[in-house]
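[1] generate a structure from the sequence data that follows.
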Amino acid sequence: MSYDISIESPPCEKCGHTDSFEWDGLTYNLSPMMIEAIGPGGIRGLDGKKTNDVAPVLERALVDMRARPDHYRTFNSPNGWGTFDSDGEEVSIPVLIEKFLEACKRMPDGIVRVS
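    Prediction:
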């Protein structure tokens with residue numbers, strides 16, 4: 001099982017352009033790590049929040065994860081599916097958090113959706 005994360009962004013009032021972000025398949029095995037990094041509720045706790053409120057949370061999480069990688073590795077899934085260094089698809093969790101943060105900054109009026 002996994003979380004799918006997206007940002008709903010309103011269209012530009014001037015040109016109608018819309019932007020998007022999707023992060024599909026964050027394994028539930030990473031939930032304890034996400035709670036440690038993000039706080040109560042972890043990733044699921046971000047659902048329905050405005051991106052401009054989520055960005056500072058992600059910034060703090062990213063700084064902490066980069067400062068204490070060995071600490072976060074203690075939350076690695078015992079079965080190896082979902083680790084600090086890979087979400088199961090050879091991409092590290094800090095890199096994914098950074099992409100999520102960049103999208104939040106790019107779409108400050110967006111709403112985070114987690115399903």
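[2] ok, the closest residue to Thr27 other than its chain neighbours - contacts?
    Nearest residue to Thr27, sequence neighbours excluded (C-beta to C-beta, 6 or more residues apart in numbering): Gly82, at 3.9 Å. Placement of C-beta: from N, CA and C, glycine included. Residues near Gly82 by C-beta atoms under 8 Å, 6 or more residues apart in numbering: 26-30, 76, 88.
[3] so which residues make contact with stretch 45-53?
    5, 7, 9, 38-39, 54, 57, 103-105, 107-115.
[4] switch the cut-off to 10 Å
    3, 5, 7-9, 21, 34-35, 38-39, 41, 54, 57-58, 100-101, 103-115 (C-beta atoms under 10 Å, 6 or more residues apart in numbering).
[5] if any of those residues are buried, put those into a PyMOL selection.
    Restricted to buried positions by 16 or more other C-beta atoms under 10 Å, the PyMOL selection for these reads:
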select buried, resi 3+5+7+9+21+34+35+38+54+57+58+100+101+103+104+107+110+111+112+113+114
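[6] and the contacts of stretch 45-53, which of them are in strands?
    Judged by DSSP state E, the subset of the contacts of stretch 45-53 located in strands is 3, 5, 7-8, 21, 111-114.
[7] what are the ranges of the helices in this structure?
    For the chain, helices defined by DSSP state H occupy the ranges 31-38, 51-67, 69-73, 93-106.
[8] how about the ones you listed, which one is nearest His17?
    helix 93-106 (11.7 Å; C-beta to C-beta).
[9] could I get the average pLDDT for the closest one?
    Throughout helix 93-106, pLDDT has a mean value of 93.
[10] so which elements touch that helix?
    strand 2-8, strand 21-27, helix 31-38, helix 51-67, helix 69-73, strand 111-114 (3 or more C-beta pairs under 10 Å, 6 or more residues apart in numbering; DSSP states H and E).
[11] what are the pairing partners of the worst-scoring helix or strand of the chain on mean pLDDT, and which direction each?
    Here the helix or strand of the chain ranked lowest by mean pLDDT, DSSP states H and E is strand 21-27, holding a mean of 85. Strand 21-27 has the following strand partners under DSSP bridges: strand 2-8 (antiparallel).
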